[in-house]
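> got a sequence here, can you build the structure:
(one chain, ligands or ions: 1)
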Amino acid sequence: MNLRFAIAGAFLLSPLSPVRAAVNEVTNLAPGIYFHEGDLKAYGHCNNGWIVFDDFILVIDGNFPSGAKAVIPKIQASSDRPIRFAFDTHHHGDHAYGNLVWVENGAVPVAHEGVIAEMMKYETGFYGGAPGRWEKEAQNRKDVAASKLKPPTVLFKTSMAFDDGQRRVELLHFGVAHTHGDGFAWLPKEKILFTGDACVNGPYNYAGDGDTGQWIRTLEAAEKLGAKTVCPGHGPVAGGELLREQRDYFVELRAAVKQHWRRQPAEMRGQVQAIRAVLEKNARIAKFVGDSLVSQVEKVYTERGGKAFSENKAATDGDQHVRK
Ligand SMILES: [Zn+2]
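Numbers count the residues shown, from 1 in each chain. Take a look at the predicted model:
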């Protein structure tokens, strides 16, 4: 792909009228602010963003190692500033396993403290215990097998800011959502919000490491920022309404599960298609319904005290996004 053409050809977006960019293309959202929709289907990559400050570049999301390597030349084509910080929106492989690539390119991984707590829970191999998620992923991905986990080293509790007098980016934590360490990147002047997987634009929700009830409240807190442009963790850039649609999806999912939650696990499992039909009828949220609905229903059911569906254990671990 001719990168310069892709950048020049991307619409210069008004924050009020987000335009859909193609997968693997760079979109210039505002001067010095870029969005890149990663190729989830082919490579499991997440979306990236980057902000060009006076002296350095802050990148949003670490991606998988191959995703980091794919996007670095595109960042370098947009600016000659050095990449100094890579912000992991959460601990999942498609957002944090590329950290070593960023470090090798001169950047420091940054994250909410919950990312470290989650890594200590799931990355047992790194912390001296039994093989964990990294080792499992390395069996399926050459880029992971060829790299090493590099947990973030600059951490924040509720917020931290990057501000050169012209551009300002606030990294914010609003509580548990997709994980216990979700961070948002907020650009108050441009009203652009990077959400990681706390908000996606398509059938990409994975609920296994989070809490669906708290997720709703976290999205409501993020909504109060008044974003005009939302850059999700997966799927195309959207307007501010995406946060409300994502919230409504979990509200409706929980309401649908609640109708059946006293059933036995096998019976509950048998209701998934009926729940799918209910959710798909709602045009505002139908886009979030996908192959991972079974594990989402199971998650809500177990949050309410039900037992996990025995045949579905694999869906609560490992690959966080169903790609097909
Ligand atoms: Zn993701």
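> where are the low-confidence patches of the protein?
In the predicted model, the chain carries pLDDT under 70 at residues 1-21, 310-320, 322-324.
> what does it put close to the ion?
C46, D94, D197, G233 (C-beta under 5 Å from the ion). Where you see a C-beta, it was placed from the backbone N, CA and C, and this is true even at glycine.
> closest one of those residues to P82?
C46 (22.3 Å; C-beta to C-beta).
> can you map out the helices along the stretch 51-200 of the chain?
Taking DSSP state H, counting those that start in this stretch as the criterion, the stretch 51-200 of the chain carries its helices at 65-78, 93-96, 99-104, 113-122, 133-138, 142-145.
> ok, residues contacting the longest one?
Applying C-beta atoms under 8 Å, 6 or more residues apart in numbering, the external contacts of helix 65-78 come out as 3-4, 7, 24, 26, 28, 34, 36, 38-39, 43-46, 48, 50, 52, 57, 59, 62-63, 83, 86, 94, 97-98, 100-102, 105, 141, 143-144, 146-147.
> buried set for it?
P65, S66, G67, A68, A70, V71, I72, K74, I75, S78 (16 or more other C-beta atoms under 10 Å).
> now stretch 181-188
In stretch 181-188, the ones that count as buried by 16+ other C-beta under 10 Å are G181, D182, G183, F184, A185, W186, L187.
> which residues does A146 contact?
Contacts of A146 by C-beta under 8 Å, 6+ apart are P65.
> what do you get for G226?
By C-beta under 8 Å, 6+ apart, G226 lies in contact with K191, G240.
> between the buried residues of helix 65-78, which is nearest the ion?
G67 (10.3 Å; C-beta to the ion).
> how near is the closest residue to that closest one other than its chain neighbours to D88?
Nearest non-adjacent residue to G67, counting by C-beta to C-beta, 6 or more residues apart in numbering: H45, 3.7 Å away. According to C-beta to C-beta, to the nearest Å, H45 and D88 sit 14 Å apart.
> the two: who's more crowded?
D88 (29 against 26; other C-beta atoms under 10 Å).
> can you tell me how far that one sits from W215?
In terms of C-beta to C-beta, D88 sits 18 Å off from W215.
> do Y34 as well
Counting by C-beta to C-beta, the gap from Y34 to W215 is 27 Å.
> cool, F174 as well?
Taking C-beta to C-beta, one finds F174 at 10 Å from W215.
> looking at those two, which is more packed in?
W215 (25 against 22).
> element containing that one, please.
In this assignment (DSSP states H and E), W215 forms part of helix 212-223.
> need the residues that contact the helix or strand just after that helix.
Next helix or strand after helix 212-223 toward the C-terminus (DSSP H and E): strand 229-232. Here strand 229-232 makes contact (C-beta under 8 Å, 6+ apart) with 13, 15, 18, 29, 35, 47, 49, 60, 190-195, 197, 199-201, 237-240, 242-243.
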